[in-house]
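Engineer: quick one, what's the 3D model for this:
(2 chains)
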There are 2 protein chains.
Amino acid sequence: MTETFTFSITATDGGARTGEIRMPRGVVRTPGFMPVGTAATVKAMYPDQVKALGADIVLGNTYHLMLRPGAERVAKLGGLHQFMNWPYPLLTDSGGFQVMSLAQLRRIDETGVTFQSHIDGSTHVLTPERAIEIQGLLGSDIQMQLDECVRLPAASEAVEKAMRLSLRWAERCRIAFGEQPGKALFGIVQGGTDERLRAESARELVGLELKGYAIGGLAVGEPQADMLAAIEVVEPHLPASSPRYLMGVGTPDDILEAVRRGIDMFDCVLPTRAGRHGTAYTRSGRLNLKNARHAEDPSPIDPESKAAAANGYSRAYLHHLVRSNEILGMMLLTANNLAYYQELMASLRKAIQDGRLADFVGETREGWAKGERDGGDEHREIPPDHSD
Amino acid sequence: MTETFTFSITATDGGARTGEIRMPRGVVRTPGFMPVGTAATVKAMYPDQVKALGADIVLGNTYHLMLRPGAERVAKLGGLHQFMNWPYPLLTDSGGFQVMSLAQLRRIDETGVTFQSHIDGSTHVLTPERAIEIQGLLGSDIQMQLDECVRLPAASEAVEKAMRLSLRWAERCRIAFGEQPGKALFGIVQGGTDERLRAESARELVGLELKGYAIGGLAVGEPQADMLAAIEVVEPHLPASSPRYLMGVGTPDDILEAVRRGIDMFDCVLPTRAGRHGTAYTRSGRLNLKNARHAEDPSPIDPESKAAAANGYSRAYLHHLVRSNEILGMMLLTANNLAYYQELMASLRKAIQDGRLADFVGETREGWAKGERDGGDEHREIPPDHSD
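Structural biologist: Alright, predicted model coming up:
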């Protein structure tokens, strides 16, 4: 196993590429989807299941973990990998997004952000240096800079101010992070939907020569077209040789479009949160298992999936479990959705390697359209809080 | 595999015995513990886990299943085994206990019981014949007679009246059940804490020549001594050649004492419900993982257990999951508790076979006493409703 953090591109197809991030704890195949393990657990999943379904890396949240159980406590217990029984790579979000979306009484100044815990109201301070210290205590393999996320829509002065503050924080994070050969610090491009600000943010960050670059501040309720426009503005400024991570995205269709535009890494609460609320993602569209039309349907969610959760139980049974609010319903649908996302990523990687991404995107959409899609636009249904 | 329902005793030690119930769907080793799968799921457990931890048979509830999803619907979907992915033996409770503990506006007469669903207030009728019809639709391997359970304490006239009504219902159930070679109907001994009524109930039931006999109306909050006294009164009246099932029992210590008195089968919500509320059963006593003293404890719940849930995670992590109300905490503690119960039953069977039950009981209690037992008397902590 390697002692360093490296990224190599293995194939390209248009703007899309496949690659491998190698680090001491394992290899992350890209484009890749990171299940969200907010509070040191991918909700309703055993860690070995998360791995078996195809995840190479899981995301943890600095904000949640600093509040409970506390970074120093996790460190004392051997770090986050050991704590949560996940010996493979971990990426930790720096907390900027959750401070904006979850914490009470935020006060932001040049130094950092002071906020009250949403759990018990206690006061905490997060500076760029403390964000890196916490992620170090957790033992995270890929650490994110602290950034300021503004709630959109916002005045363009506010967006610009937050973007520039985030750049200064990126520099402080870089200094605090120092040299850690097997680990990486990623910067976060901000700038809202303003093309000029996004481009400037990307250029300035790249000047810091970080090991990877994320696009933040998206997937907060804006139309997909705005999100894709922001990716298109940023992408040419990012070095092709570094991984690109689109934070908090997204729906399967968002992922298709972002991969076409050169994104390598994704995380999103959608598959896990939707799974806890009765929604299943499948090759033939999205199903709401609460719907009465499933009550006597003996067919599985997705007979073509390799996951037991997708093909080992009837829709009627899942309907019953969801209606009865049974934990097993949440377990099975979460597992199904993570299986679907990972199978989608594997198929995307194969399509890029085979030079047939455009065809694959078309076929995937045909599959979704063929099915009996329940409900409306999931992009709107899931609250933009990034909290689990 | 056998086409008939048979019970054979393989060893005895004092009043205790080991045996095997053979039926088309599998062998049930006795003394055995049946995890409770109220609403067609052992809560927070995958069915293959339940099997892997050592369960030969699972209990389902007529009351819950008739209300949701409905017995006819389950039958249409291939029966309860197929519905819940449990191809092994199933026992179904007849609903008498739940009608008493959960339903609204009960009206009991000679015919049966009319009640309102606790889910939606709809009105339902359960007669002895309908209870057997429902259990047949579910496809249950061991079916229970409909009985009237009185809430204790009750006037002795009420207890006697309910016991006699239950006997008449047993006879009607026997007629409704008819001859089903691979399946069994069990009668339920009633009579509260009255020795004369218990003895009479047992003698009369045995006259019906059923394939097994249960002791009902216990584990409803009475002291352990009262429960054991009732077993001692009933046991001499039951044929040694038939399985004896103590319904709704109990704590590990209840099980030790009941096995010594010749009981073969148990079911109880305790391991599963306690697991969802932060309590772990171990060889060295009961732990309340909510307790702050576990917050930085890197040791596992029970290093001697064969179950991953018991030895693959630290107490500190489980404490964190329980405090954070994470589903994985419920999953792991439920699995731990079912593993503990099944390991206890396996050890009991081995001790009986080796003729050293008394020693084993002593050693088991020493183990419990050695440990750092949290909290009070679990016999009192778990509400006596038998609802999950």
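Engineer: so is stretch A:136-151 next to chain B?
Structural biologist: No. Judged by CB under 8 Å from any CB of the partner chain, stretch A:136-151 and chain B are separated, with a smallest distance of 13.1 Å. To be clear about C-beta, it is placed using only N, CA and C from the backbone, and glycine gets the same treatment.
Engineer: helix/strand/coil for the closest residue to chain B within the stretch 101-250 of chain A?
Structural biologist: Residue nearest to chain B within the stretch 101-250 of chain A (CB to the nearest CB): residue A:119, separated by 8.8 Å. Using DSSP: H, G, I helix; E, B strand; the rest coil, the structure places residue A:119 in coil.
Engineer: where does the stretch 1-150 of chain A have low pLDDT?
Structural biologist: A:1 (pLDDT under 70).
Engineer: ok, now with 80
Structural biologist: A:1, A:104-105 (pLDDT under 80).
Engineer: kindly report the residues of chain A close to chain B.
Structural biologist: A:39-41, A:43-46, A:68-69, A:73, A:76-78, A:83-85, A:276, A:295-296, A:298, A:312-314, A:316-317, A:319-321, A:323-324, A:326-328, A:330-331.
Engineer: again, 7 Å this time
Structural biologist: Residues of chain A that fall close to chain B, judged by CB under 7 Å from any CB of the partner chain: A:39-41, A:43-44, A:68-69, A:73, A:76-77, A:83-85, A:295-296, A:298, A:312-314, A:316-317, A:320-321, A:323-324, A:326-328, A:330.
Engineer: which of those residues are buried, as a PyMOL select command?
Structural biologist: Those of these that count as buried under 16 or more other CB atoms under 10 Å in any protein chain shown are selected in PyMOL with:
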select buried, chain A and resi 39+40+41+43+44+69+73+77+83+84+85+295+312+313+314+316+317+320+321+323+324+326+327+328+330
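Engineer: in strands only, show me the residues of chain A next to chain B.
Structural biologist: Judged by DSSP state E, those include no members of strands.
Engineer: can you pull out the strands in the stretch 1-150 of chain A?
Structural biologist: For the stretch 1-150 of chain A, the strands defined by DSSP state E, counting those that start in this stretch cover A:6-13, A:16-23, A:26-30, A:32-34, A:58-61, A:90-93, A:104-108, A:113-116, A:123-126, A:142-144.
Engineer: tell me the most buried of the ones you listed?
Structural biologist: Greatest average neighbour count among the strands of the stretch 1-150 of chain A goes to strand A:142-144 (a mean of 28), per mean count of other CB atoms under 10 Å in any protein chain shown.
Engineer: what pairs with it, parallel or antiparallel?
Structural biologist: strand A:90-93 (parallel), strand A:184-189 (parallel) (DSSP bridges).
Engineer: follow-up on the earlier one: hang on, the residue of the stretch 101-250 of chain A closest to chain B packs against residue A:67?
Structural biologist: Yes. Contact criterion CB atoms under 7 Å: residue A:119 and residue A:67 qualify, at 5.6 Å.
Engineer: okay, these two: which has more neighbours?
Structural biologist: The residue with more neighbours, out of residue A:119 and residue A:67, is residue A:67; 22 against 13, by other CB atoms under 10 Å in any protein chain shown.
Engineer: next one: the more buried one from residue A:61, what distance?
Structural biologist: Distance of residue A:67 to residue A:61, given as CB to CB, to the nearest Å: 10 Å.
Engineer: repeat that for residue A:188.
Structural biologist: Taken as CB to CB, the span from residue A:188 to residue A:61 is 15 Å.
Engineer: mind checking how far residue A:353 is from chain B?
Structural biologist: 34 Å (CB to the nearest CB, to the nearest Å).
Engineer: residue contacts, that residue?
Structural biologist: By CB atoms under 7 Å, 6 or more residues apart in numbering or on different chains, the contact list for residue A:353 reads A:11, A:18.
Engineer: contact partners for the residue in chain A sticking out farthest from the centre?
Structural biologist: What lies farthest from the middle of chain A is residue A:296; by CA atoms, centre = their mean that is 35.3 Å. Taking CB under 7 Å, 6+ apart, we find residue A:296 in contact with A:316, B:73, B:76, B:77.
Engineer: go on, residue A:28?
Structural biologist: A:21, A:56, A:57, A:89.
Engineer: now, the residues you listed that are in helices?
Structural biologist: Nothing among the contacts of residue A:28 maps onto helices, per DSSP state H.
Engineer: of these, which is the nearest to residue A:302?
Structural biologist: The nearest member of the contacts of residue A:28 to residue A:302, counting by CB to CB, is residue A:56 at 22.2 Å.
Engineer: okay, now that closest one: neighbour count?
Structural biologist: Based on other CB under 10 Å, the number of other residues close to residue A:56 is 20.
Engineer: same question for residue A:168.
Structural biologist: Neighbours of residue A:168 using other CB under 10 Å come to 12.
Engineer: report the spatially closest residue to it, excluding sequence-adjacent ones.
Structural biologist: residue A:110 (7.5 Å; CB to CB, 6 or more residues apart in numbering or on different chains).
Engineer: residue A:331 now?
Structural biologist: Once flanking residues are discounted, residue A:331 sits nearest to residue A:44: 4.9 Å by CB to CB, 6+ apart.
Engineer: who are the contact partners of that neighbour?
Structural biologist: Neighbours of residue A:44 in contact, by CB under 7 Å, 6+ apart: A:275, A:276, A:330, A:331, A:334, B:327, B:328.
Engineer: could you rerun that using 8 Å?
Structural biologist: For residue A:44, the contacting residues are A:272, A:275, A:276, A:327, A:330, A:331, A:334, A:335, B:327, B:328, B:331, by CB atoms under 8 Å, 6 or more residues apart in numbering or on different chains.
Engineer: do you know how far the fifth one is from residue A:50?
Structural biologist: Plainly put, residue A:330 is 15 Å away from residue A:50 if you go by CB to CB.
Engineer: skipping adjacent residues, who's closest to the most centrally placed residue in chain A in space?
Structural biologist: The centroid of chain A falls nearest to residue A:267 when counting by CA atoms, centre = their mean (1.3 Å). Nearest non-adjacent residue to residue A:267, counting by CB to CB, 6+ apart: residue A:34, 4.2 Å away.
Engineer: shouldn't the one you found be in contact with residue A:60?
Structural biologist: No. Judged on CB atoms under 8 Å, residue A:34 makes no contact with residue A:60 at a distance of 9.8 Å.
Engineer: joint contacts of the two?
Structural biologist: With CB under 8 Å, 6+ apart as the test, residue A:34 and residue A:60 both reach residue A:91.
Engineer: buried set for stretch A:191-198?
Structural biologist: Buried, per 16+ other CB under 10 Å, within stretch A:191-198: A:191, A:192, A:193, A:194, A:197, A:198.
Engineer: which pair of the residues you listed spans the longest distance?
Structural biologist: Maximum pairwise distance in those, criterion CB to CB, is 8.9 Å, between A:193 and A:197.
Engineer: element containing residue A:271, please.
Structural biologist: Secondary structure assignment for residue A:271, by DSSP states H and E: helix A:270-276.
Engineer: now that helix - C-alpha only, PDB.
Structural biologist: As requested, the backbone C-alpha atoms of helix A:270-276 are provided in PDB (Å, rounded to 0.1, in the frame of the first residue of the first chain):
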ATOM      1  CA  LEU A 270     -30.200  11.800  -0.600                       C
ATOM      2  CA  PRO A 271     -29.900   7.900  -0.800                       C
ATOM      3  CA  THR A 272     -29.700   7.500   2.900                       C
ATOM      4  CA  ARG A 273     -32.300  10.100   3.900                       C
ATOM      5  CA  ALA A 274     -34.700   9.100   1.200                       C
ATOM      6  CA  GLY A 275     -34.300   5.400   2.300                       C
ATOM      7  CA  ARG A 276     -35.400   6.300   5.800                       C
END
